[in-house]
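Trainee: Here is a sequence together with a model predicted from it:
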Amino acid sequence: MHVAIAGNIGAGKTTLTRLLAKHFKWQPQYEDVVDNPYLDDFYNAMERWSFNLQIYFLNSRFRQLLQIQEHKKDVIQDRTIYEDAFIFAPNLHAMGLLTNRDFGNYRSLFDLMESVVAPPDLLIYLRSSIPNLVKQIHKRGRDYEASISIDYLSRLNERYEAWIHDYDKGNLLIIDVDKVDFVDNPEDLGDIINRIDAQINGLF
């Protein structure tokens, strides 16, 4: 089984991935931010490094998906390949930070990759307001995220909502993280686990 968590920067994807992996005994697949050689450069000079960063993430997540399909284990994935292609890359393109040529090249590569991998059995979307995202980003204190603007987060949020509204690749569970605290409130985490159980039991 393949479960994936989607959501904007600071929504809590990595934390929920860790908690659910522990509870369900799923193998976690995390986003490659620690060893990513482009993140610092990207946030300091977005136009110069946007294509490089997007290709790096696309390659990393495609590799994860191939491993998930090959090993056939129960996996929970922190962020999906679809978010790269339908949210982050188009947003950079719309902001003029990714040229038409580079964006076309990127989408062509994504379309090829998508044709050989399966979507997750269950997608969990963490919906969050901008103030909550900003609070969480500041709380974790990653240096390269210090320059993220509210406008950038807002643009991403709009694209997330549009993507989720039309999502039709599989089962979808939406969690409003403004209204729950799955880190410090065991009841909130338990409620999320129960909702996931209900989805899974309907799947298999």
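Mentor: Cool, got the structure.

Trainee: hang on, Asn132 packs against Lys179?
Mentor: No. Using Cβ atoms under 8 Å, Asn132 makes no contact with Lys179, being 9.9 Å away. Placement of C-beta: from N, CA and C, glycine included.

Trainee: who does the helix or strand containing Ile76 pair up with?
Mentor: Applying DSSP states H and E as the criterion places Ile76 in strand 75-78. According to DSSP bridges, strand 75-78 has the following sheet partners: strand 2-7 (parallel), strand 27-29 (parallel).

Trainee: from the chain's centre, how far out does the longest one sit?
Mentor: Centroid separation between strand 2-7 and its chain, computed with Cα atoms, centre = their mean, to the nearest Å, is 7 Å.

Trainee: After it, which helix or strand is next?
Mentor: helix 13-24.

Trainee: Report the contact partners of the closest residue to Asp191 other than its chain neighbours.
Mentor: Spatial nearest neighbour of Asp191, excluding adjacent residues (Cβ to Cβ, 6 or more residues apart in numbering): Val180 at 7.2 Å. Going by Cβ atoms under 8 Å, 6 or more residues apart in numbering, Val180 touches 188, 191-192.

Trainee: Leaving out chain neighbours, which residue sits closest to the most centrally placed residue in the chain?
Mentor: The centroid of the chain falls nearest to Arg79 when counting by Cα atoms, centre = their mean (2.6 Å). Nearest residue to Arg79, sequence neighbours excluded (Cβ to Cβ, 6+ apart): Glu31, at 4.8 Å.
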